[in-house]
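Asks: what's the 3D shape of this:
(chains A and B)
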Amino acid sequence: MISKRRMTLTIKILKSGLLTTIQDEGRKYFRRFGIPQSGAMDLYSLQLANYLVNNPFHFPAFECTLYGGTFQFLNDSIIGISGAPMSALLNKKHIELNQTHFVKKNDVLELGFASAGCRTYLAIQGQIHLPKVFGSYSTYTLANIGGRILQKNDEISWHNPTPTFQKRTISEHFLPRFQNPTILRILKGPEFALLSEASQHFLTTSTFTIHPQSDRMGIRLIPQNATLSHQLPALISSATTVGTIQLPKEGNPIILMKDGQTTGGYPRIAQVVATDLNRLAQIPPNQKARFRFIDLADALDLLRHRQRLLQYLLY
Amino acid sequence: MKSTFLLLNNIEWSLSILGESAILLTLPTLLPHKLDKIHSTVFLLERANIPTIREVVPAYESLAIFFDVFQTNLSQLLKKLQELPPQIQQINMNKTMHKIPIAYDLGLDWEFVERATNLSKTEIIQKHLAPTYQVAMMGFIPGFVYLSGLDSTLSCPRKENPRTKLPKGSVGIGGNQTGIYSLSSPGGWQIIGQTPHSFFKENATPPNILNVGDSVKFYEIEGRVTGDE
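Replies: All right, here's what the predicted structure looks like:
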């Protein structure tokens, strides 16, 4: 179907999305230099998109936020879309998410607004033709690492020497559910014990609203009908990680996300478990979240279960 | 988290978890020479080269150990750490001395710093130029360098409302520290000058020109530095 001479496939942005970047599973070894992990906010949906096109799970793809924009395929390509349900039109005809699609030279894909969730992944079969920076293709805009927010007329190429079209579909069972409020499981953070008893209680009894100014660096929460005010001392800077829930003085928690700072001075009251970072990344602005404590052993079970689920997809 | 302790490098660290794949070790409160203890422990861990450890992130009074949660578990990791022989002799970390130019006239917060310290600009500059600083840690963003050794009379609080964008190369004071923003970024420190040097290299490994433990001495330059603002 695709001529062997044409191993390079280029995708052109005809209309930019709200925030479209290239993301893979992120950087793992550079936090001590202040370089955040970056990578897909919803890693699981990226992995599903890669599954659709028969790429390794960790490969880079387009991460589209809230509104996807318009893409043109300058060559025949094999694509898959997973994550938040955005309307997808291929040459003005509706196509399904969570299925493998073969697109032809000059086909145009329009990704609309997400009807639930907020991040959608468009994977292309093959190897992206970009330099790795600190071991990853992920975009980190603050330091101009790994490219920029994609604009109209930007072109990104992939290398696919052996195109193989195999129709794959992801069954309901594997797909994330988008709920409101979203329940997030958490572990206690290093400074949890310093919170007042009332605030400890509010953390799991209150509902939180996602502030519209949330982004890839951090998700800001506004507690409803409660304040998490505290008299915690200012801390000297210390390490943070993805999922760390910081509590600044005014009492509105911030959950550090993939582009979040690597160290900080706010109390680290809790930690969203790794598995639930995916659904956290999908909560649209102004929707709600609630927290529930689990213990470390259960968090590890969730993580292993998710790994097994991915392996199960392949059989 | 209930208090748990870990003996490593002859130090009794308090131990907490930072999610599923990192632990945080904090020094006992009253221990002297905290930075040296942190840096020698980082050095010890780097030399031990435990394959399941991804990296060690040092801070002023704590360090975080990030590990591969699919290759090891907490109890295996803690056992490995406890078995490490302590760093006995004085470490030689190949500390480099860096001389860094600074244009104090490009400071943005002189009025505030003069008021907070009750010193004149000239006095502040003298006191800021005098010490040899030590690179304490790096973070919170790429190229930010935390320096310890600030003259205690220059200590001043951070801004209540951080600036959304600082020019790259900004040198500031935050509490008892001074530091350099290599990238144009948001920031809450009081800015007293600007350096034309950048300490972050996007395509180099390691990406930072300064290393934890290195020494830094500022020298004054005149006029305007180039850089995006």
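
Asks: And the pLDDT at residue 214?
Replies: As the question left the chain open, I've gone with chain A. pLDDT for A:Ser214: 94.

Asks: please go with chain B instead
Replies: Reported pLDDT for B:Asp214: 92.

Asks: OK, contacts around it?
Replies: B:Lys95, B:Thr96, B:Met97, B:His98, B:Gln134, B:Val135 (C-beta atoms under 8 Å, 6 or more residues apart in numbering or on different chains). Where you see a C-beta, it was placed from the backbone N, CA and C, and this is true even at glycine.

Asks: So what sits opposite the last one in the bridge?
Replies: Read that as B:Val135. With beta bridges defined as DSSP bridges, B:Val135 has these partners: B:Leu147.

Asks: What's the separation between it and B:Lys217?
Replies: Here B:Val135 is placed at a distance of 12 Å from B:Lys217 (C-beta to C-beta, to the nearest Å).

Asks: more neighbours, these two?
Replies: B:Val135 (26 against 13; other C-beta atoms under 10 Å in any protein chain shown).

Asks: what about residue 23, how many residues close to it?
Replies: Since no chain was named, I'll use chain A. Count around A:Gln23 with other C-beta under 10 Å applied: 27.

Asks: To clarify, I was referring to chain B.
Replies: 23.

Asks: next one: the one 3 residues further on
Replies: Here the neighbour count serves as a burial measure; for B:Thr26 (other C-beta under 10 Å) it reads 16.

Asks: I figured it was touching B:Tyr60, is that so?
Replies: No - the criterion here is C-beta atoms under 8 Å, and B:Thr26 misses it with B:Tyr60 at 10.3 Å.

Asks: so what sits against both of those two?
Replies: A:Ser238.

Asks: middle-most residue in chain A, spatially?
Replies: A:Met41 (1.8 Å; C-alpha atoms, centre = their mean).

Asks: Can you tell me what sits against stretch B:49-59?
Replies: A:28-32, A:236-239, A:262-263, B:38-39, B:42, B:45-46, B:63-68, B:71-72, B:76-77, B:80, B:137, B:139, B:212.

Asks: filter the residues you listed to the buried ones?
Replies: Buried members of the contacts of stretch B:49-59, scored by 16 or more other C-beta atoms under 10 Å in any protein chain shown, are A:28, A:30-32, A:236-239, A:262-263, B:38-39, B:42, B:45, B:63-67, B:72, B:77, B:137, B:139, B:212.

Asks: give me every residue that touches B:Phe70.
Replies: Here B:Phe70 is in contact with A:Gln307 (C-beta under 8 Å, 6+ apart).

Asks: From A:Leu90, how far out is it?
Replies: 37 Å.

Asks: And A:Pro181, by the same measure?
Replies: On the measure of C-beta to C-beta, A:Pro181 and A:Leu90 end up 34 Å apart.

Asks: For residue 162, the count of nearby residues, please.
Replies: Defaulting to chain A. For A:Thr162, using other C-beta under 10 Å, the count is 9.

Asks: nope, chain B
Replies: 12.

Asks: Can you give me the separation between it and B:Asn73?
Replies: 39 Å.

Asks: what do you get for A:Tyr140?
Replies: A:Tyr140 is 30 Å from B:Asn73, by C-beta to C-beta.

Asks: Looking at these two now, which is surrounded by more residues?
Replies: More crowded of A:Tyr140 and B:Asn73, by other C-beta under 10 Å: A:Tyr140, with 27 against 16.

Asks: The closest residue to that one other than its chain neighbours: what's it in contact with?
Replies: Spatial nearest neighbour of A:Tyr140, excluding adjacent residues (C-beta to C-beta, 6 or more residues apart in numbering or on different chains): A:Ser38 at 4.5 Å. A:Ser38 is in contact with A:Gln23, A:Gly26, A:Arg27, A:Ser136, A:Ser138, A:Thr139, A:Tyr140, A:Ile145, A:Gly146, A:Arg216, A:Lys258, A:Asp259, counting by C-beta under 8 Å, 6+ apart.

Asks: Dump those residues to CSV, plus secondary structure and distance to B:Val171.
Replies: Output for those, formatted as CSV (DSSP: H, G, I helix; E, B strand; the rest coil; distance: C-beta to C-beta, whole Å):
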residue, secondary structure, distance to B:Val171
A:Gln23, strand, 33
A:Gly26, coil, 31
A:Arg27, coil, 27
A:Ser136, strand, 30
A:Ser138, coil, 30
A:Thr139, coil, 29
A:Tyr140, strand, 24
A:Ile145, strand, 23
A:Gly146, coil, 28
A:Arg216, coil, 28
A:Lys258, coil, 29
A:Asp259, coil, 25
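
Asks: Any chance of those residues in TSV with distance to B:Leu108 as columns?
Replies: Listed next are the contacts of A:Ser38 as TSV, based on distance: C-beta to C-beta, whole Å:
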residue	distance to B:Leu108
A:Gln23	34
A:Gly26	34
A:Arg27	32
A:Ser136	34
A:Ser138	32
A:Thr139	30
A:Tyr140	26
A:Ile145	26
A:Gly146	30
A:Arg216	27
A:Lys258	31
A:Asp259	26
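
Asks: so who does A:Ile170 touch?
Replies: A:Leu48, A:Tyr51, A:Leu52, A:Ser82, A:Asn98, A:Gln99, A:Leu313.

Asks: how does it look with 7 Å?
Replies: A:Leu48, A:Ser82, A:Asn98 (C-beta atoms under 7 Å, 6 or more residues apart in numbering or on different chains).

Asks: how much space between the nearest residue to B:Tyr181 once chain neighbours are set aside and B:Pro186?
Replies: Spatially, and ignoring its direct neighbours in sequence, B:Tyr181 is nearest to B:Ser170 (4.5 Å; C-beta to C-beta, 6+ apart). Separation of B:Ser170 from B:Pro186 (C-beta to C-beta): 11 Å.

Asks: Among these two, which residue is more densely surrounded?
Replies: Here B:Ser170 and B:Pro186 are compared on neighbour count by other C-beta under 10 Å; more neighbours surround B:Ser170, at 28 against 14.

Asks: Identify the bridge partners of that one.
Replies: B:Gln194.

Asks: Equivalent analysis for the one 4 residues further on, please.
Replies: Here B:Gly174 sits in beta bridges with B:Gln177, going by DSSP bridges.

Asks: mind listing what it touches?
Replies: B:Arg158, B:Gly188, B:Trp189.

Asks: Just to check, the last one is in contact with B:Val171?
Replies: No - in this structure B:Trp189 lies outside contact range of B:Val171 using C-beta atoms under 7 Å: 8.7 Å.

Asks: Around chain A, pick out the residues from chain B.
Replies: Residues of chain B lying close to chain A (C-beta under 7 Å from any C-beta of the partner chain) are B:1, B:16-20, B:22, B:24, B:54-62, B:64, B:66, B:69, B:137-144, B:146, B:183, B:185, B:200, B:202, B:206-208.
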